[in-house]
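S.K.: My questions concern the predicted model and sequence given below.
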Amino acid sequence: MDDPEAEAAVPERLPTAPPLTERQRERRRRILHATAQLACRGGFEAVQMREVAESSQVALGTLYRYFPSKVHLLVATMHDQLERLHGTLRKSPPDGETAGERVAQTLMRAFGALQREPRLAEAMARALTFADRSVSPEVDQVSRQTTAIILDAIGGLEDATAARLSAVRVIEHTWLSTLITWLAGRASLAQVRADIETVCRLIDLTEAEPGRAAAAV
């Protein structure tokens, strides 16, 4: 990617923490797994820090060192779920003729995965809406993972101009908004699909008319 405007449009990466040891990674995996299991059974309210600690067999103080609050924990769980989904999507990439069609197919598959566990999806979505500045690193991870999924469907970063990256951000926001609307019972699956397919056409506009697309988004 040699477009300087595109490079400026990519979110700045925050300083990284020291890498976790294998023991710490395993502990973190247990915590996130326990969180997902509790949320699947009872949604947002079922995720209580003490129960997560007991289910994952870690001390409560240790859990708080990893995740200062339930919101931090559930947003991190969403990143973990999207990361796993990304691995699955890479094994079976979309086959749409245009970039917009491929992105729409990918996001509807992601939506379908969340739809199968609506209580977990609702818990993670609520956490995202409750997140304040203290949760910014976790929210940024979710955003970067979603962007990576969309860019993979497009074909990678090679043609990621500033206009195209702007379109990706709009698509990401729309996808999350449709998820929240569907979870609240205010949109049907058909409406979700229509909205996703409509916004994904922005990708093809940036390819066909880069100047106009950059101005439009």
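M.R.: Perfect, I can see it now. Residues are numbered from 1 along each chain as shown.
S.K.: How about residue 171, nearest residue that isn't a chain neighbour?
M.R.: residue 199 (5.2 Å; Cβ to Cβ, 6 or more residues apart in numbering). Yep, even glycine has a C-beta here, placed from its N, CA and C like the rest.
S.K.: In which helix or strand does residue 96 reside?
M.R.: Assigned by DSSP states H and E, residue 96 belongs to neither a helix nor a strand.
S.K.: Once you drop chain neighbours, what's closest to it?
M.R.: With Cβ to Cβ, 6+ apart, the residue lying closest to residue 96 is residue 102, at 4.1 Å.
S.K.: What of residue 82?
M.R.: residue 145 (4.4 Å).
S.K.: tell me what the one helix or strand that neighbour maps to is packed against?
M.R.: Using DSSP H and E, residue 145 sits within helix 136-154. On a contact count with 3 or more Cβ pairs under 8 Å, 6 or more residues apart in numbering; DSSP states H and E, helix 136-154 meets helix 70-91, helix 99-115, helix 162-183.
S.K.: Please name whichever of these is nearest to residue 131.
M.R.: Closest of the helices and strands packed on helix 136-154 to residue 131 is helix 70-91, at 5.6 Å (criterion: Cβ to Cβ).
S.K.: Could you list the residues in contact with the closest one?
M.R.: 31-32, 35-36, 39, 44, 47-49, 52, 67, 106, 109-110, 113-114, 120, 123-124, 126-128, 130-132, 134-135, 138-139, 141-142, 145-146, 148-149, 152-153 (Cβ atoms under 8 Å, 6 or more residues apart in numbering).
S.K.: Could you pick out the buried ones from these?
M.R.: 31-32, 35-36, 39, 44, 47, 49, 52, 67, 106, 109-110, 113-114, 120, 123-124, 126-128, 131, 135, 138-139, 141-142, 145-146, 149, 152-153 (16 or more other Cβ atoms under 10 Å).
S.K.: Give me the phi and psi for residue 68.
M.R.: Main-chain dihedrals, residue 68, degrees, to the nearest 10: phi -70, psi -20.
S.K.: where in the protein is pLDDT low?
M.R.: 1-18, 157-159, 207-217 (pLDDT under 70).
S.K.: how about a cut-off of 50?
M.R.: 1-15, 210-217 (pLDDT under 50).
S.K.: now for the helix or strand hosting residue 201, which elements pack on it?
M.R.: Using DSSP H and E, residue 201 falls within helix 189-208. Using 3+ Cβ pairs under 8 Å, 6+ apart, the elements in contact with helix 189-208 are helix 99-115, helix 162-183, helix 210-216.
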